[in-house]
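1. prediction below, plus the sequence it came from.
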Amino acid sequence: MAPCRRSVDLYDRPVARVFSGIQPSGDMHLGNYLGALRQFAFDQYDHDAVFCIVDLHALTVPQDPGELRRRTLEAARIHMAAGLDPSVCTLFVQSHVHEHAELSWLMECTASVGELRRMTQFKEKADKASDQEFVAAALFTYPALMAADILLYEADRVPVGADQRQHLELARDLALRFNHRFGDTFVVPTAAVPRVGARIMDLQRPTEKMSKSVISPQGTVGLLEDAASIVRKIRRAVTDTEVEVRYDPQAKPGVSNLLTILGATTGEDPERLARRYHQYGELKADCAEAVVALLEPIQARYAELAADPAGTAAVLAEGVGKARAVAAPVLDRARAAVGLLPR
Ligand code: TYM
């Protein structure tokens, strides 16, 4: 079933499109799930839903080719294990749809150097790199590719964690600027950021977000990690020297992060949850139990999917066709708008 912009729901309203992407650049973690992936599964039933493993984005930092291949397939399986149903949504690999790289060029021609320079993620990564370290030019132009990803699918809604808000703002600005210069071409997207869980912090360094990089293995909970290891990491999570359980991300980042994880996992409000606890130990025990229970069915489904590599390949092959059916006409429209000859 090809996703179609003109599909309608039972009441004849046009169905909005949702698009999002995740990089196969490291082991996927609890932050990816609570901030993004979980929303994907909710959204697929009442939207035209398109999800992408953004392997081209992963190349902005050095990758071992074999590991990249392995992680790309792993990411696809994790998407399905987390509830994405390929018969309802579209799941594909970014580099299989060449329209992404092509529209990215048009977006680079639409964005200014000043705008790209203001991107916090670029500034952070470039600042951290030592003088001798290689920083790829693509790390700078990355948000243009991300805008292309979104605009190709005429996405109305883009579920992401809080760290992607600024990139989404840029995608909106580029869509508006392009439409203004060349006439209506793109749908202007909106970020959908969850109320709880949009920024899960590292368990060992709770003032920094949990991330796929390998700098803090003890602070990161992998989606495929075994239960004993998850319990150990949460039990050893950094808190503070007080004893009061209170939700206050500024003053008590570690405790607040545990409350956020527990709240996001159980669907409760972190501030209200805090009133129920009098000791950090109790909070950690409940948090660990909730996370293990959350991940158990995902891991079981992942194991089934991993036992059937041909099944994953078939889903991704079908995804390319469905994705290109949407992306190709949008790219053609953008090409024509700027004055490129038809091919
Ligand atoms: P990536 O691969 O770093 O992360 C994937 C998704 O997970 C969210 N996320 C988090 N949410 C809560 N807490 C955390 N600690 C945490 N860490 C990551 C991210 O916000 C993201 O939603 N540039 C994007 C990938 C991308 C994309 C796109 C996203 C490329 N093109 C188009 C949406 C639409 C990225 O690096 O996400």
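-> Nice, thanks for sending it over.
2. show me what from this structure comes close to the ligand.
-> Residues of the chain lying near the ligand by Cβ under 6 Å from any ligand atom: 20-23, 31-32, 34-36, 54, 57, 146, 149-150, 158, 160-161, 163-164, 167, 198-200, 209-210. (C-beta placed from N, C-alpha, C; glycine too.)
3. quick check: pLDDT value at the one residue in the stretch 1-150 of the chain that gets nearest to the ligand.
-> With Cβ to the nearest ligand atom as the measure, G35 is the residue of the stretch 1-150 of the chain nearest to the ligand, at 2.0 Å. For G35, the model assigns a pLDDT of 98.
4. helix, strand or coil for it?
-> helix (DSSP: H, G, I helix; E, B strand; the rest coil).
5. apart from its neighbours in sequence, what residue is nearest it?
-> What sits nearest to G35 in space, not counting adjacent residues and going by Cβ to Cβ, 6 or more residues apart in numbering, is G161, at 2.9 Å.
6. helices - which of the residues of the chain next to the ligand land there?
-> Of the residues of the chain next to the ligand, the ones assigned to helices by DSSP state H are G31, N32, H57, M146, D149, I150, H167.
7. turn those residues into CSV, including pLDDT and neighbour count.
-> Output for these, formatted as CSV (pLDDT from 0 to 100; neighbours: other Cβ atoms under 10 Å):
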residue, pLDDT, neighbour count
G31, 98, 26
N32, 98, 24
H57, 98, 23
M146, 98, 25
D149, 98, 28
I150, 98, 30
H167, 98, 22
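8. which of those residues sits closest to D46?
-> The shortest approach to D46 among these belongs to I150, at 19.2 Å (Cβ to Cβ).
9. the closest one contacts V160, correct?
-> No - I150 is beyond contact range of V160, at 9.9 Å (criterion: Cβ atoms under 8 Å).
10. between those two, what contacts are shared?
-> L168 (Cβ atoms under 8 Å, 6 or more residues apart in numbering).
11. circling back: next, count neighbours for the residue of the stretch 1-150 of the chain closest to the ligand.
-> Neighbourhood size, G35 [other Cβ atoms under 10 Å]: 25.
12. list the contacts of it.
-> G35 neighbours (Cβ under 8 Å, 6+ apart): V160, G161, A162, D163, V193, P194, G197, A198, R199, I200.
13. quick check, nearest of the residues you listed to the ligand?
-> G161 (2.5 Å).
14. model confidence for that closest one, exactly?
-> 98.
15. likewise L10?
-> We have a pLDDT of 60 for L10.
16. over to P14?
-> On pLDDT, P14 comes in at 66.
17. and what of S104?
-> 98.
18. so it is in which element?
-> According to DSSP states H and E, S104 maps onto helix 99-108.
19. if we can go back for a sec, is it possible to get a markdown table of the contacts of G35 that adds neighbour count?
-> Output for those, formatted as a markdown table (neighbours: other Cβ atoms under 10 Å):
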| residue | neighbour count |
| --- | --- |
| V160 | 22 |
| G161 | 22 |
| A162 | 15 |
| D163 | 17 |
| V193 | 20 |
| P194 | 18 |
| G197 | 23 |
| A198 | 23 |
| R199 | 19 |
| I200 | 26 |
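20. would you turn these into CSV with distance to Y280?
-> Below are the contacts of G35 laid out as CSV (distance: Cβ to Cβ, whole Å):
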residue, distance to Y280
V160, 31
G161, 26
A162, 25
D163, 27
V193, 28
P194, 25
G197, 20
A198, 24
R199, 21
I200, 18
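21. in strands, which of these fall?
-> Per DSSP state E, strands hold no members of those.
22. closest one to R324 out of these, please.
-> Of the contacts of G35, the one sitting nearest to R324 (Cβ to Cβ) turns out to be V160, at 23.3 Å.
23. would you check that the closest one makes contact with V193?
-> Yes - here V160 reaches V193: they are 6.4 Å apart, a contact under Cβ under 8 Å.
24. for this structure, which helix or strand comes out least confident on mean pLDDT?
-> Every helix and strand in the chain was compared by mean pLDDT, DSSP states H and E; the lowest is helix 120-128, with a mean of 85.
25. if anything else comes up later, I'll come back, but that's it for now.
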